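Peer 1: give me the fold of what follows.
(one chain, ligands or ions: 1)
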Amino acid sequence: MATAPPGTGSKGLMIRIVAPVLIVLAIGAGIGLAGVGLSQVLGWSSALSMSSSSTGAPQTASVSMPRDVGTVQSLNFEPATVTIAKGGKVTWTNNDPLAHTVSSTSVPSGAQSFESGNMAGNATYTVTFTVDGTYYYNCAYHIWMHGTVIVTG
Ligand SMILES: [Cu+2]
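Peer 2: As a prediction, this is how the structure comes out:
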């Protein structure tokens, strides 16, 4: 009685189908692990962890003085409130042709006040916040322009 050659019985067929699938899965897992290892070697994961504090607040925020904010009183700094992590920065950009300022009106105890001075159209101004708490500021020229920076611990 002849025995079936290997791979032709139902068991052999299963092996033929399953084995390549397992190999593909194993290769995929290997690539995934290699990717994790590579990101650690390159410092990607540490860079990611540095980009946010334990509270999850971002390290940077951007605020615009939108076009016409100097004349249209329903406009304001945009967004009017931003939240960043301690040590983070906020950059203001004047997208209005009129001059504006970023002038702190209230800062947490132990924090420094800030004053951009005159910002012409397209000017930018950046403040680094090293003390946590809530900061209030306005534009020296337009009383309807006022904003808040929340710095998390
Ligand atoms: Cu203004």
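
Peer 1: what does stretch 59-72 contact?
Peer 2: Contacting residues not belonging to stretch 59-72 are listed as 50-53, 75-79, 82-85, 87-100, 119, 139, 141-142, 145, 147, 149 [Cβ atoms under 8 Å, 6 or more residues apart in numbering]. Every residue, glycine included, has its C-beta placed from N, CA and C.

Peer 1: out of the residues you listed, who's near the ion?
Peer 2: For the ion, the contacts drawn from the contacts of stretch 59-72 by Cβ under 5 Å from the ion are 100, 139, 141-142, 145.

Peer 1: okay, now the domains of this structure?
Peer 2: Following automatic domain parsing, one gets these domains for the chain: 10-49, 53-152.

Peer 1: which of those comes out lowest on mean pLDDT?
Peer 2: Across the domains of the chain, the stretch with the lowest average pLDDT is domain 10-49; it has a mean of 44.

Peer 1: sketch out the helices for this structure, chain order is fine.
Peer 2: 10-42, 44-50 (DSSP state H).
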